[in-house]
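Colleague: task: produce atomic coordinates for the following.
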Amino acid sequence: MPRLARLDAPGILHHVIIRGIERKKIFRDTIDKQNLVDRLDQLIPQTQTSCYAWVLLSNHAHFLLRSGPDGLVSLMQRLLTGYAVSFNRRHKRHGQLFQNRYKSIICQEDAYLLELVRYIHLNPLRAGMVEDFKALTDYAFSGHRLLAGAGECSWQDDAYVLGCFGKSAANARKAYLDYVQAGLAMRRRPELVGGGLIRSLGGWSEVKKMRLKGMDRIKGDERILGDSDFVLSVLSQANERFERRYELKRRG
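Modeller: Numbering: from 1, shown residues only. As a prediction, this is how the structure comes out:
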């Protein structure tokens, strides 16, 4: 099946996932991880991208980003190309480092911003990289430390996320920590990495129930995480941009 065209535009919330080819490590040690962090430190401000959550594991990484004026592709191409060249040179290897292109899921902010922040920041604990929830704050390569008030990260927008939890920094951090910890008792959320309205609704069984109730006009797309109206709106805007680019190209 051919890949769908990537959806991108300024000011859109994206859940971005990068993975190593054949599930191999893209970070072999802390030096590799710091290499990527240093590149983000330069590129996030340069591209005017906002980062709300992030985590680096061993063979993959997650980011919650709001695209800048030039969209997401400008940041990701420069970030991944530069890192891959540096990684290959340092480890004396050749060939592709990442599994295909990066995965980007456009997300409906009101419904999924905080869910995604929690999902992304719980990854080290669920992957067994830290012992317990308290130790999660000590994991250096995650945006959780900054939101918990235990670290620094100049390119991460902690104020935007904490503002969703309260007006004072202390109360907001406590509410954030309680919210993330509550996620440990919840089931995994496959729709947060898969996209599409069908998964958001809880699978085909839930969709069938909705259809029995007369709610049969359901629109889904694996590149978008949100309700039907949101999916239709994003696709409509993307189609308009495509048609405009095609017309400009036709006219030279």
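
Colleague: how close does residue 85 sit to residue 61?
Modeller: Shown here: residue 85 relative to residue 61, a distance of 17 Å by CB to CB, to the nearest Å. From N, CA and C alone the C-beta is placed, and that goes for glycine too.

Colleague: which of those two has more neighbours?
Modeller: residue 61 (23 against 11; other CB atoms under 10 Å).

Colleague: just confirm that one is within a strand.
Modeller: Yes. Counting by DSSP: H, G, I helix; E, B strand; the rest coil, residue 61 is located in a strand.

Colleague: the residue lying closest to it once chain neighbours are set aside: neighbour count?
Modeller: If you skip the residues right next to it in sequence, residue 61 has residue 18 as its closest partner in space, 5.2 Å away by CB to CB, 6 or more residues apart in numbering. The burial count assigned to residue 18 is 24, neighbours taken as other CB under 10 Å.

Colleague: ok, residue 50 next?
Modeller: The local packing of residue 50 (other CB under 10 Å) involves 16 other residues.

Colleague: I figured it hits residue 161, correct?
Modeller: No. Here residue 50 does not reach residue 161: they are 10.2 Å apart, not a contact under CB atoms under 8 Å.

Colleague: can I get stretch 41-53 in CSV, CA atoms only?
Modeller: Coordinates of each C-alpha in stretch 41-53 appear next as CSV, following Å, rounded to 0.1, in the frame of the first residue of the first chain:
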residue,chain,number,x,y,z
ASP,A,41,18.5,23.3,21.5
GLN,A,42,19.5,25.1,18.2
LEU,A,43,16.8,24.0,15.9
ILE,A,44,13.7,24.5,18.0
PRO,A,45,14.2,28.2,18.4
GLN,A,46,15.5,28.6,14.8
THR,A,47,12.4,27.1,13.3
GLN,A,48,10.0,28.7,15.9
THR,A,49,8.7,25.3,16.9
SER,A,50,7.1,24.7,20.3
CYS,A,51,7.9,21.6,22.2
TYR,A,52,5.5,20.5,25.0
ALA,A,53,6.8,16.9,25.7
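
Colleague: for that stretch, give the mean pLDDT please.
Modeller: For stretch 41-53, the mean per-residue pLDDT is 98.

Colleague: which parts of it are buried?
Modeller: 43-44, 47, 49-53 (16 or more other CB atoms under 10 Å).

Colleague: need these in JSON lines with distance to residue 70, can you?
Modeller: Formatted as JSON lines, the entries for these read as follows, by distance: CB to CB, whole Å:
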{"residue": "43", "distance to residue 70": "12"}
{"residue": "44", "distance to residue 70": "13"}
{"residue": "47", "distance to residue 70": "6"}
{"residue": "49", "distance to residue 70": "9"}
{"residue": "50", "distance to residue 70": "14"}
{"residue": "51", "distance to residue 70": "16"}
{"residue": "52", "distance to residue 70": "19"}
{"residue": "53", "distance to residue 70": "22"}
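
Colleague: now, which of those lie within helices?
Modeller: Cross-referencing the buried residues of stretch 41-53 against helices under DSSP state H gives 43-44.

Colleague: so where is this structure shaky, pLDDT-wise?
Modeller: Along the chain, segments meeting pLDDT under 70 span 1-7, 187-223, 226-250, 252.

Colleague: do that again at 90, thanks
Modeller: Where the chain drops to pLDDT under 90, the residues are 1-10, 99-101, 104-112, 185-252.

Colleague: what is the burial count for residue 110?
Modeller: Here the count is done by other CB under 10 Å, and residue 110 has 10 residues near it.
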